[in-house]
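Enquirer: sequence-free structure coming up:
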Ligand code: ADP
Ligand code: MG
């Protein structure tokens, strides 16, 4: 009996080796297994899974549209990994899927498409005005990843200078490191909150308020009312201050211009309430200015 099982196991090994060698006659298969840090006698036990790995890698190279992905798990590639005593196969996201997954870390409310694709690598290098901001970003990324206390920016500058693009590029970069954020075009956000009722109102408002990082874009361009200033902006900022949540702003206005803007509502001039908001913004941010030509085409 024992002799028989030894015989079967020997026979088995020969068959495994044969099918592995047959597979190796395929150039792509051979080139692939050569790159793996796993011994051949191990790999031999998994020829058909390895063939699947090769097939999926080949189709990835030719892929233009993830929707047409033919893999066993759409958007994922079968990948071998050596553990202590065997090889396991798992699915990892393909490059296109990774891009989609990291973009999901940023929630965009009413933001144009070019902003969704903003990237730090593509930030104009010809403009000296951007250098201090880029330096701030590098330090910010480092500190944030080390869980140090950091402040967002209040980035002030003229129309079209690239403020929105810059901060979005930073948040898209952080998304790759799995940091979630929300980019809100503030004037539209208010319009929507004003005209929506019930669940929708709550959902957007709460997403912004609780977001790990929040970017309020174009503050000061909204029609200010005491409701938007005190109930919406005031409560969001108060909460974010208390919870030490990072918040970014861009504006065409300086802080003192913003203060005047916030003070003037249909209720008349309310300087103290406006001042309270400005104090919160100052607590949450470092103020910087972007001086640049209009980049809008
Ligand atoms: P702002 O918010 O200051 O008004 P934007 O950030 O919207 O300006 O930039 C104006 C235009 O220039 C946008 O269309 C934006 O996509 C483009 N832009 C700004 N900076 C860059 C950049 N570094 N690379 C590519 N496009 C940029
Ligand atoms: Mg802008």
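Expert: Cool, the structure landed. Only a predicted model underlies this, so the values are computations on that prediction, with no experimental measurement involved. Ligands and ions are numbered 1, 2, ... in the order given.
Enquirer: mind listing what's buried along the helix or strand containing residue 15?
Expert: Assessed by DSSP states H and E, residue 15 sits inside helix 2-24. For helix 2-24, burial by neighbour count (16 or more other C-beta atoms under 10 Å) applies to 16, 20, 23-24. C-beta: built from backbone N, CA, C; applies to glycine.
Enquirer: then stretch 128-144?
Expert: In terms of neighbour count (16+ other C-beta under 10 Å), stretch 128-144 has its buried residues at 129-130, 133, 136-137, 140-141, 144.
Enquirer: and for stretch 175-190?
Expert: For stretch 175-190, a neighbour-count test (16+ other C-beta under 10 Å) marks 175, 179, 181-190 as buried.
Enquirer: if we can go back for a sec, using pLDDT, spot the least trustworthy of the buried residues of stretch 128-144.
Expert: Lowest model confidence among those falls on residue 129, which carries 81.
Enquirer: for it, helix, strand, or coil?
Expert: Three-state call for residue 129 (DSSP: H, G, I helix; E, B strand; the rest coil): helix.
Enquirer: for the one residue sitting closest to the centre of the chain, which non-adjacent residue is closest in space?
Expert: For the chain, residue 175 is the residue whose C-alpha lies nearest the centre (C-alpha atoms, centre = their mean; 2.4 Å). In space, and not counting its chain neighbours, residue 175 is closest to residue 105: 3.7 Å by C-beta to C-beta, 6 or more residues apart in numbering.
Enquirer: so what pLDDT did the one you found get?
Expert: pLDDT, residue 105: 93.
Enquirer: tally of neighbours for it?
Expert: 18 (other C-beta atoms under 10 Å).
Enquirer: who's in contact with stretch 243-258?
Expert: 144, 149-159, 163-164, 167, 171, 210-221, 237, 239-240, 261, 278, 281-282, 284-285, 287 (C-beta atoms under 8 Å, 6 or more residues apart in numbering).
Enquirer: restrict the buried residues of stretch 128-144 to those near ligand 1?
Expert: Contacts with ligand 1 within the buried residues of stretch 128-144, counted by C-beta under 6 Å from any ligand atom: none were found.
Enquirer: got CSV for those residues, with distance to residue 233 too?
Expert: As requested, the buried residues of stretch 128-144 are exported to CSV (distance: C-beta to C-beta, whole Å):
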residue, distance to residue 233
129, 28
130, 28
133, 24
136, 24
137, 25
140, 23
141, 27
144, 24
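Enquirer: of those, closest to ligand 1?
Expert: In terms of C-beta to the nearest ligand atom, no member of the buried residues of stretch 128-144 lies closer to ligand 1 than residue 130, at 7.9 Å.
Enquirer: go ahead and confirm that closest one touches residue 165.
Expert: No - the criterion here is C-beta atoms under 8 Å, and residue 130 misses it with residue 165 at 10.1 Å.
Enquirer: residues in contact with stretch 182-197: which ones?
Expert: With contact meaning C-beta under 8 Å, 6+ apart, stretch 182-197 is reached by 106-111, 115, 167-168, 171, 200-201, 204-205, 207-208, 211, 213-219, 221-223, 227-228, 232.
Enquirer: what subset of those is buried?
Expert: For those, buried by 16+ other C-beta under 10 Å: 106-109, 111, 115, 167-168, 171, 204-205, 208, 211, 213-219, 221-222, 228, 232.
Enquirer: give me the phi and psi angles of residue 186.
Expert: phi -60, psi -50 (degrees, to the nearest 10).
Enquirer: do you know the pLDDT at it?
Expert: Per-residue pLDDT puts residue 186 at 96.
Enquirer: what pLDDT, on average, does the helix or strand where residue 250 lies get?
Expert: Using DSSP H and E, residue 250 falls within strand 246-251. Averaging pLDDT along strand 246-251 yields 98.
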